[in-house]
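Participant: got a predicted structure plus its sequence, pasted below:
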Amino acid sequence: MELFSQPFIQAVRQSLDNPRCSILGTIPVSRGKPLALVEEVRSRRDVKVFTVSKENRNVILQDIVSALQECLKHAS
């Protein structure tokens, strides 16, 4: 699994540390023992986490698009 690959972990960290890089991704919901990289990403001040559920999946899209557009404004 990628989350246990050191080259993958380093690439994720480098990408997140790049101020010119905006990333839209997914992280798993915590179940059982937390995964170190997931928790590291989740706890970053420059990361916004949206929880998508069956109840909100049809209405949360605009919130996600707006947040991404805001990131792209600041990156350019």
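Facilitator: Yes, it's here.
Participant: residue 12: neighbouring residues, count only.
Facilitator: One way to gauge burial is a neighbour count; for residue 12, by other CB atoms under 10 Å, it gives 18. C-beta coordinates here come from the backbone N, C-alpha and C atoms, glycine included.
Participant: whoops, I mixed them up, residue 71
Facilitator: When neighbours are counted by other CB under 10 Å, residue 71 registers 16.
Participant: tell me the secondary structure for it?
Facilitator: Taken by DSSP: H, G, I helix; E, B strand; the rest coil, the conformation at residue 71 corresponds to helix.
Participant: quick one: it and residue 21 touch, right?
Facilitator: No: counting by CB atoms under 8 Å, residue 71 stays clear of residue 21, with 9.6 Å between them.
Participant: pLDDT weak spots in this protein?
Facilitator: Judged against pLDDT under 70, the low-scoring parts of the chain cover residues 75-76.
Participant: identify the residues contacting the helix or strand containing residue 13?
Facilitator: Applying DSSP states H and E as the criterion places residue 13 in helix 6-17. Here helix 6-17 makes contact (CB atoms under 8 Å, 6 or more residues apart in numbering) with 2, 3, 21, 23, 37, 41, 44, 46, 47.
Participant: next up, phi/psi of residue 45, please.
Facilitator: phi -70, psi -30 (degrees, to the nearest 10).
Participant: residues near it, how many?
Facilitator: Applying the criterion other CB under 10 Å, we find 5 residues in the vicinity of residue 45.
Participant: then the one 4 residues further on?
Facilitator: Other residues near residue 49 come to 9 when the count uses other CB under 10 Å.
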